[in-house]
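# Fold the following and give me the result.
(one chain, ligands or ions: 3)
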Amino acid sequence: MTHKAAVATGLDQPLEILDIGIDEPHAGEVRIKMGASGVCHSDLSVQNGTLMSAFPVVLGHEGAGVVEKVGEGVTHVKPGDHVVVSWVPQCGECYFCTRNQGELCERANTAMATGGLLDGTYRFDLDGAPLAQMAASGTFSQYSIIPASGAVKIPDDVPMPVAALIGCGVLTGVGAALNTADIAKGDTVAVVGCGGVGLNVIQGARIAGADRIIAIDQNETKLAMAKQFGATDTVNASQVNAVSQVMEMTEQRGADVAFEVIGLQQTIDDVITMTRRGGQAILVGVPRMDVMVQLPAFMGLVLQEKTVKGCWYGSSNVHTDVTKLIDLYKKGELKLDELISREISLDEVNEAFDAMKTGEIARSVIVY
Ligand code: APR
Ligand code: ZN
Ligand code: ZN
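Ligands and ions are numbered 1, 2, ... in the order given. Okay, the predicted model is just below:
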């Protein structure tokens, strides 16, 4: 069987919409008819080499769809079930999964590294040659085969575009605030970068009970959206120095918790600096390999009692957190429809990448 997918054929190449082949699901795998896929900055990061990958590769890792066929031994989902695709298929059995750190699942890491599934082999092909899929997902594709542990069952009434966004931006952003960081009621939180992920950090901070949420971006449209998602103050980093602004707003103390949600050297340095003594700097954005965290050990860390903490996939347990997020959405506490700036078709994916580069929109969502 062949179908359409958006393929990155090499570094810095525009995606090509190609007819690709797909296998049958092996044991412990499921085939999904994709319903929708968000276009996330990490897709762009594979295209431009920030994130390492095999090529050619089917991009897309923020998706949801309907289970079409299950492999041997799969019991938790059946054909017809609606699922969110988890780009860390959390096995539930390894060292990390059994310590409630499923985002670091050992088995999932293997798939990440090879561009294949959990056994390192491929289910997609391009004219008979093996074709990689991003993060055991490959959601820029009408169909995909993923590890069953990456298929998280959801109720049928959640719209597909919303379910897709939960798969990366929402789990990562809201999770950064609710799981990775320890936000206390009344805290002052700073969020640098208000894209699809950063807006979710903002609403997560609001749900965690932060009093003051300072949104920092270089784009006015994003700052306006940040307010809609719960920011109380905004700083346009292209006009003023973000660090001194945050210091001024906090009697020169700094923020209790500050998040970096872009992945740049400058903004990572800024976020660590704008965190108060005893506070937490949470690094969410995915930087290039040469970006470093450098701090004077005594003056920067010991004396300051600062925590600098990395955040992968919002420290989420997808098997429990997806349901929690859907409940919050249904109660009206999580804004998810508002994250969708544009619904597009698969062949408009390159335009969605361009829109992301200019920073003008929250999310483009491919609807199949
Ligand atoms: N200063 C302030 N804001 C900036 C700067 C800067 N120097 N550079 C970019 N921004 C803003 C953009 O205006 C945009 O609003 O950062 C935001 C980035 O948003 P997106 O491109 O939508 O990225 P997103 O999908 O949210 O991902 C953010 O998290 O998961 C990771 O790989 C992902 O590293 C990426 C990060
Ligand atoms: Zn993503
Ligand atoms: Zn595991």
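
# Regarding V308, what is its secondary structure?
When classified by DSSP: H, G, I helix; E, B strand; the rest coil, V308 comes out as strand.

# ok, how many other residues are close to it?
Neighbour count of V308, defined by other C-beta atoms under 10 Å: 17. Where you see a C-beta, it was placed from the backbone N, CA and C, and this is true even at glycine.

# who are the neighbours of the strand or helix carrying Q203, in terms of helices and strands?
Using DSSP states H and E, Q203 sits within helix 198-208. With contacts taken as 3 or more C-beta pairs under 8 Å, 6 or more residues apart in numbering; DSSP states H and E, helix 198-208 sits against helix 171-175, strand 188-192, strand 212-217, helix 220-228, strand 255-260.

# could these go into TSV alongside mean pLDDT and distance to ligand 3?
Output for the helices and strands packed on helix 198-208, formatted as TSV (pLDDT from 0 to 100; distance: least, C-beta to the ion, whole Å):
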stretch	mean pLDDT	distance to ligand 3
helix 171-175	98	16
strand 188-192	98	30
strand 212-217	98	33
helix 220-228	97	35
strand 255-260	98	26
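
# now those as a markdown table including distance to S341?
Output for the helices and strands packed on helix 198-208, formatted as a markdown table (distance: least, C-beta to C-beta, whole Å):
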| stretch | distance to S341 |
| --- | --- |
| helix 171-175 | 16 |
| strand 188-192 | 19 |
| strand 212-217 | 15 |
| helix 220-228 | 9 |
| strand 255-260 | 21 |
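
# what's the closest of these to D347?
Smallest distance to D347 across the helices and strands packed on helix 198-208 (C-beta to C-beta): 25.5 Å, for helix 220-228.

# Dump the helices and strands packed on helix 198-208 into CSV; add mean neighbour count as well.
Converted to CSV, those look like this (neighbours: other C-beta atoms under 10 Å):
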stretch, mean neighbour count
helix 171-175, 29
strand 188-192, 30
strand 212-217, 27
helix 220-228, 18
strand 255-260, 28
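
# closest one to K33 among those?
So among these, helix 171-175 is nearest, using C-beta to C-beta, at 21.8 Å.

# helices and strands around the closest one, which ones?
Using 3+ C-beta pairs under 8 Å, 6+ apart as the contact test, the elements touching helix 171-175 are helix 198-208, helix 318-330.

# Contacts for whichever helix or strand comes after the last one next, please.
Think helix 318-330. Next helix or strand after helix 318-330 toward the C-terminus (DSSP H and E): strand 340-344. Applying C-beta atoms under 8 Å, 6 or more residues apart in numbering, the contact partners of strand 340-344 are 161-162, 165, 351-352, 355, 361-367.

# what's the farthest-apart pair in the residues you listed?
Most distant of those, by C-beta to C-beta, are V162 and E351, 21.7 Å apart.

# what separates M34 from ligand 3, distance-wise?
Distance, M34 to ligand 3, using C-beta to the ion, to the nearest Å: 24 Å.

# Any idea how many residues pack against that residue?
Count around M34 with other C-beta under 10 Å applied: 28.

# wait, it sits on G65?
Yes - with contacts defined as C-beta atoms under 8 Å, M34 counts as touching G65 at a distance of 4.2 Å.

# anything in contact with each of these two?
Joint contacts of M34 and G65 (C-beta under 8 Å, 6+ apart) are 139, 144, 368.

# Let me know the secondary structure of the residue nearest to the second one when sequence neighbours are not counted.
So that's S144. Nearest residue to S144 in three dimensions, chain neighbours excluded: G138, at 4.7 Å (C-beta to C-beta, 6 or more residues apart in numbering). When classified by three-state DSSP, G138 comes out as coil.

# shouldn't G138 be in contact with L59?
Yes - G138 lies in contact with L59 (C-beta under 8 Å); the separation is 7.3 Å.

# Looking at the two, which one has more neighbours?
Remark: of G138 and L59, G138 carries more neighbours, 34 against 29, as counted by other C-beta under 10 Å.

# which ones are touching that one?
Per C-beta under 8 Å, 6+ apart, neighbours of G138: 5, 57-61, 124, 144, 146.

# Strictly from the record, what residue spans define the domains of this protein?
2-170+315-367, 182-310 (automatic domain parsing).

# Out of the ones you listed, which gets nearest to A176?
domain 182-310 (5.0 Å).

# re the thing from before, does ligand 1 sit close to the helix holding Q203?
Yes - Helix 198-208 is in contact with ligand 1 by C-beta under 6 Å from any ligand atom, via G198.

# Check what contacts that helix and list those residues.
Contacts of helix 198-208 (C-beta under 8 Å, 6+ apart): 169-170, 172-178, 181, 183, 185, 187, 189, 191-192, 194, 213, 215, 217, 222, 225-226, 229-231, 257, 259, 261-262, 284, 328, 333-335, 339, 362.

# picking that back up, out of the helices and strands packed on helix 171-175, flag the one nearest P79.
Nearest to P79 among the helices and strands packed on helix 171-175 is helix 318-330 (19.8 Å), distances taken as C-beta to C-beta.

# Lovely, talk soon.
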